[in-house]
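S.K.: Below is the sequence, then the predicted model.
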Amino acid sequence: MFLKCIEIQGFKSFADKINLHFEKGITSVVGPNGSGKSNISDAVRWVLGEQSAKSLRGNRMEDVIFAGTQHRKPVGFAYVSLTLDNSDRAIPLDYSDITISRRVYRSGESEYYINKTLCRMRDIHELFMNTGIGKEGYSIIGQGRIDEILSTRSEDRRAIFEEAAGIMKYKARKKEALHKLENTKQNLLRIDDIIIELESQLEPLKDQAEKARKYLALSGELKELEVSLYIDSIEKNQAKIKDMEDLFTKIRQDIQNENDRIEKKKQENRERAERLEKLKNDLEVIRNELFEIDRETGRYENRIQINVEKIKSLESGNIAADQDIEGTKSRIEAINRDIEKRNKRLENLEREHENYSNLLAQAEKKLGEIIARLNEKEREIELMKQEVMDKLDDLSESRTRLNSLKNEKKALKERQRKVSDEIRKIMLERDQETLRLEEAMNDLRKAKGLLSKQKEDLNEKEQIFEQGKTEIEHIREEQNKLLQELQSAKSRRKVLTDMENSLEGYQHSVRAILKACSENGDFGGGVYGALAQLISVKEHYETAIEVSLGTALQNIVVRDELTAKALIEFLKAKNIGRATFLPVSAVKPRILDQNIINQLKQEKGFLGLASDMIQCRKTFRDIILNLLGRTVVVNDIDDGIAISRKYGYSFRVVTLDGEILNPGGSITGGSRPSKTSSLLSRSRLIRELEKRVEALSRRSKQLEADCAEKASQLVEMEENISRLRKNYQDQELIVLKQEQFVSSIKESIGNMAARQDMLKVEYNELEKNIKSLEEDIKEEEKRLSSIEESIELLRKTIEENQLKNKEEQASRDAVHMDINDYKVSVNSIIESINYTKETIERLDEEKKLLAENIQKRLEAQVKNNERIEALKSEIVGIKQKIQGYQEMKTGKSLKFEALQDEVAVLEEDVSQMVDTLSSHNETIRALQEEFGKLEVRQTKFQTELEAIQNRLWDEYELTYQTAGEYRKEIQSVRKTQERINELKAAIRELGPVNVSAIDDYSKTMERYRFLTAQKDDLIKSEENLNRVIQEMTSIMKKQFVEEFQKINYNFNVVFRELFDGGRAEVVLENPDDVLESEIEIIAQPPGKKLQNMLLLSGGERALTAIALLFAILKMRPVPFCILDEIESALDDANVYKFAEYIRKFTDNTQFIVITHRKGTMEYSDALYGVTMQEYGVSSVVSLKLDDMKKAVTG
């Protein structure tokens, strides 16, 4: 697989559509700075799914769309597509070529395509998975990659190795799993709180549900008896109403008889009216017919006038046609005479053409003979000239050789002089270098002493710095623990606050009322709230007070009885259950006698009255006394039994653990579900948690400040250490340079001695060569003189032959002139012949057209005559139709007058019928008055019936039809009423009943079971997440170590090849923690000691970073790789090494190199040049270097 083509349009500076086609091997993209060549690399990164505008050197994704220039408007979208050769099926799709595209609009809408089919960005990522191609892989390597390797930030450098090792996806999944684990823990905490709250609600709900079932049984019997009485009353009233219906029937019949008589009269009247209407319609029809006859008569008279005009026009046309025909015949005769004249002219021209053609052929034959003689003589002259040129070449070569020998002799003399001078100079320099060596050795000893002292200072400061880091780590550990505790407290506070706001734990009916008051302000502010919301208790007494109040905690405290009544109506209207209300105006206190209280204070275990342990507003004190004024709180059940026995079980006793000793002797107790909050304690817990959160936050801020102070000290210390380290490194470089300086002086002295010996040998050789050159110069001067004599003889012979050719050339020119004259005459005659023929053809055509025109005129005259006869016949027919219409008009007028007389008679009959109908209507009104009196009596019975039915509906929401299923046989109305009273008394004795408790208990139990199951699932999920995190950590460690070793091996190999020796390695500073350890890059170029990469020169660092990238590519080859100016920091020699090394990878990887370095270009197979011929708009030119080489050598 390799990259075949890139298409770009509207992307950054590429305003116009461009296509870049690539072959295997190396393609370089070159151009000056700012021309937009790196935009090609950005385009590839973008189409592969890059979402970061910053990575594309912009601020927003809209910045990639061409923004326009002074002379160009901005474009509306950016488009890039890549076409890859997939003939090897490296991508598992059945296509030889695969094209991926991306388009983005200024609106922000982005589109992705695979082979022109719309897809998702995720589909493109999955398509290239495991191929090495992608925005995160190594298919695009820019200067940014080099910067990451050279960065002093460990995390930047480490990211490169993690990406190369292929653990980035595991790292992302681990982070996601840790986030899910934290969410799971928070959900577990919330569910635990809700489960504890539900456990505290289940027991009181169970008691309420049992009480509600008894209530439903009694109310069911009461309903059957009351419904039966209502049905009996309804049926009695229905019988009375039925008797009234018979009287209504008779009166209705009398009214119907009168209506029948009226209807019969009306029918007769309708028939007369219909006859009258018909006659009026007939009159209107005849009136319209008369109007139509007049209109048609006028239309036919107009047609006669129009036909007369047409006849006149046709006759005028015939006269004009006769005149036109005569003129046309005259023109035909003139044309015939012209044609005869031109035919004679054509015969004369053809005879002249034949004469001049013969003369032209004779002249051309003569010219050919002259030219043949001239050509033969010219060839002879050219041969002699060529011989002269050859001699001149020999002459030039001889002169050049002679000059060369002389110059060489001169150069040797000059070189001999310089060698002598240089020998003397070297002797002086050797003496000076010996003095410099002694000074350099002294400087080196001083530099090494200073380096040793700086090392000691640096080690001491680094030790103090590490101690400071350890202190910060301890503070951060404490801070992390504190933050976890703070998060837990905040989470628990949020759960309790949410439960308080959502009224969690309250009955459905209570919640509905409290929400209505809170949200809408209903009931005029007469609702104070649930009892649990209005009181507070110390934590020590909460259990005792909670079991004492029981469900009364959910009782709603209201201002008065009217508010309670309104709330009950609200519950009925909404059908949302029942609730108990405590009107402040009606509830009276119930308290123990003060003497008994005084005696109880002396009893063992007595703690006080329950009412005294509650804090509330004074307004609600009577309600508290009513509920708890006769409840005593004791220490434990033994104390409670003793007190209850002594006072004869005359009041309620409750222990701190929640056991209750009821008046009369019954005892309630046992285990209670463990809980952290209840309706009573929830508000207290929220307040306590708020205080706890505030305290933890203050401590967290204090730790943060301590940490910041320590960190500030460390930063200052680190800056000091950095300065010391830099000074140490600078001094180390000074020592290294001084050592190199000493070595270079020694090497220089040795080189000077060797150079002096070489120069002496060279001086002797130069002396021998000068003598040999002097002999060669003499021989070459003799050869030069001989060549000059031969050239002079040939020139004289050529001049003689050229004089003889001049006469022949004069004859040739004269014949040429004759031929030209003949050609002009022949061409002129041919043009005249052609023009004459064309004129004759045109005249023949015109004559033919004129004859056709005459024929058309004659045919038109015949048609005009036929049309005139037809129009005259039509006029005769129209006059006959007009006569018929006039006769028809006379008959219609007589019929119209007869119909008018009949209409007048019928109108008189209709007027008399109206008086008869008025008499019958008076009779009907009398019957209707009697019917109305009966209706009043019936309404009375009906009202009574409806009142009973309304009571049935108001009390039980039943109609007479639906109430039948509850009906029971009534033997005695009195006994039935007595039983109803007994049932009502029994229901009153039950007290407040929460009917919805049955459903609430069922739903609460169902929710409790559901949440318990959810809790088990979350625990399992937490265990699974911990196991997955451990497995991924293990996989990441194993894979990172294996791939790191491969990279390390390849790094050393590539480094040695690029640097021609040396060695390099990557080292984990903490091998025990491979996933977090910092990574150090160590390099030793040839002739230098092993050191950190940061201590190398700029060029060496860049080449080392490139070696590391090539090591990764060697381990993970990619189908194609785009290199964006990564060799810009290298010198020329290393650029050639870089380019040569790329060539080794081209068997498996195709390279597109964005560069401006000559060495890289020379190793390329093809070049693309990016320029800005128009300001702000990039354009591309291409060149294949193989084709250029062939053109140069061919």
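M.R.: The structure has been received and is ready for your questions.
S.K.: Now the element after the one helix or strand Q900 maps to, going C-ward?
M.R.: With elements taken from DSSP states H and E, the one containing Q900 is helix 682-956. Going down the chain from helix 682-956, the next helix or strand is helix 973-990, by DSSP H and E.
S.K.: Could you list the buried residues of that following helix?
M.R.: Going by neighbour count (16 or more other C-beta atoms under 10 Å), the buried part of helix 973-990 is T976, I980, L983. Every C-beta, even on glycine, is put in place using the N, C-alpha and C of the backbone.
S.K.: Might you report the residue contacts of the last one?
M.R.: Read it as L983. With contact set as C-beta atoms under 8 Å, 6 or more residues apart in numbering, L983 has these partners: L218, S219, E221, L222, L225.
S.K.: What subset of those is buried?
M.R.: The buried subset of those - by 16+ other C-beta under 10 Å - is L218, S219, L222, L225.
S.K.: So which of those belong to helices?
M.R.: With DSSP state H as the criterion, helices contain L218, S219, L222, L225 from among the buried ones among the contacts of L983.
S.K.: how about a markdown table for the contacts of L983, with pLDDT and distance to I854 added?
M.R.: Converted to a markdown table, those look like this (pLDDT from 0 to 100; distance: C-beta to C-beta, whole Å):
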| residue | pLDDT | distance to I854 |
| --- | --- | --- |
| L218 | 81 | 127 |
| S219 | 80 | 122 |
| E221 | 77 | 126 |
| L222 | 78 | 125 |
| L225 | 79 | 125 |
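S.K.: Would you mind putting those into JSON lines with distance to I1047 alongside?
M.R.: Putting those into JSON lines (distance: C-beta to C-beta, whole Å) gives the following:
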{"residue": "L218", "distance to I1047": "87"}
{"residue": "S219", "distance to I1047": "84"}
{"residue": "E221", "distance to I1047": "90"}
{"residue": "L222", "distance to I1047": "90"}
{"residue": "L225", "distance to I1047": "94"}
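S.K.: follow-up on the earlier one: which among the buried ones among the contacts of L983 gets closest to K446?
M.R.: Distance to K446 across the buried ones among the contacts of L983 (C-beta to C-beta) is lowest for S219, with 112.2 Å.
S.K.: residues contacting V654?
M.R.: A544, V547, S548, A610, T631, V632, V633, V634, G640, I660, L661.
S.K.: Mind doing that once more with 6 Å?
M.R.: A544, S548, T631, V633, I660 (C-beta atoms under 6 Å, 6 or more residues apart in numbering).
S.K.: Where is pLDDT lowest across these?
M.R.: Lowest pLDDT among the contacts of V654: S548, with 88.
S.K.: how close does it get to F606?
M.R.: Separation of S548 from F606 (C-beta to C-beta, to the nearest Å): 15 Å.
S.K.: Check Q1084 too.
M.R.: 91 Å.
S.K.: now V29
M.R.: 98 Å.
S.K.: more crowded one of these two?
M.R.: For V29 versus F606, the count of surrounding residues by other C-beta atoms under 10 Å is larger for V29: 27 against 19.
S.K.: Looks like the more buried one contacts V1153 (just checking).
M.R.: No. Taking contacts as C-beta atoms under 6 Å, V29 lies outside contact range of V1153: 7.1 Å.
S.K.: one step back: quick check: of the buried residues of helix 973-990, which lies closest to I8?
M.R.: Of all these, I8 sits closest to L983, with 91.5 Å by C-beta to C-beta.
S.K.: of the contacts of L983, closest to E326?
M.R.: S219 (127.9 Å).
S.K.: And the helices in the stretch 151-300 of the chain?
M.R.: Along the stretch 151-300 of the chain, the segments classed as helices by DSSP state H, counting those that start in this stretch run 154-165, 168-501.
S.K.: Nearest residue to K1046 in space, please, no chain neighbours.
M.R.: Distances taken as C-beta to C-beta, 6 or more residues apart in numbering put M1115 closest to K1046, at 5.0 Å, once the chain neighbours are dropped.
S.K.: what about that neighbour, how many neighbours?
M.R.: M1115 - counted by other C-beta under 10 Å - has 16 other residues nearby.
S.K.: ok, so what distance separates it from E1127?
M.R.: Relative to E1127, and taking C-beta to C-beta, M1115 is found at 21 Å.
S.K.: ok, back up a step: and the angle from the helix holding Q900 to helix 168-501?
M.R.: If you take axes from the mean of the first three to the mean of the last three C-alpha atoms, to 10 degrees, helix 682-956 sits at 60 degrees to helix 168-501.
S.K.: May I have the phi/psi pair for I8?
M.R.: phi -130, psi 140 (degrees, to the nearest 10).
S.K.: Touching, it and A43? I think so.
M.R.: Yes. With contact defined as C-beta under 6 Å, I8 counts as touching A43 (5.2 Å).
S.K.: Check the contact lists of these two and give me the overlap.
M.R.: Joint contacts of I8 and A43 (C-beta under 6 Å, 6+ apart) are V80.
S.K.: ok, how many other residues are close to A860?
M.R.: 14.
S.K.: Which helix or strand contains P663?
M.R.: Going by DSSP H and E, P663 is not in any helix or strand.
S.K.: if we can go back for a sec, ok, the buried ones among the contacts of L983 vs R698, which is closest?
M.R.: Using C-beta to C-beta, these come closest to R698 at S219, 59.1 Å.
S.K.: Identify the spatial nearest neighbour of that closest one, chain neighbours not counted.
M.R.: Looking at S219 with C-beta to C-beta, 6+ apart, the closest residue is I987, at 6.4 Å.
S.K.: May I have the predicted confidence score for that neighbour?
M.R.: 76.
S.K.: Also L600?
M.R.: Per the predicted model, pLDDT is 90 at L600.
S.K.: show me what contacts it?
M.R.: Contacts of L600 (C-beta under 6 Å, 6+ apart): F606.
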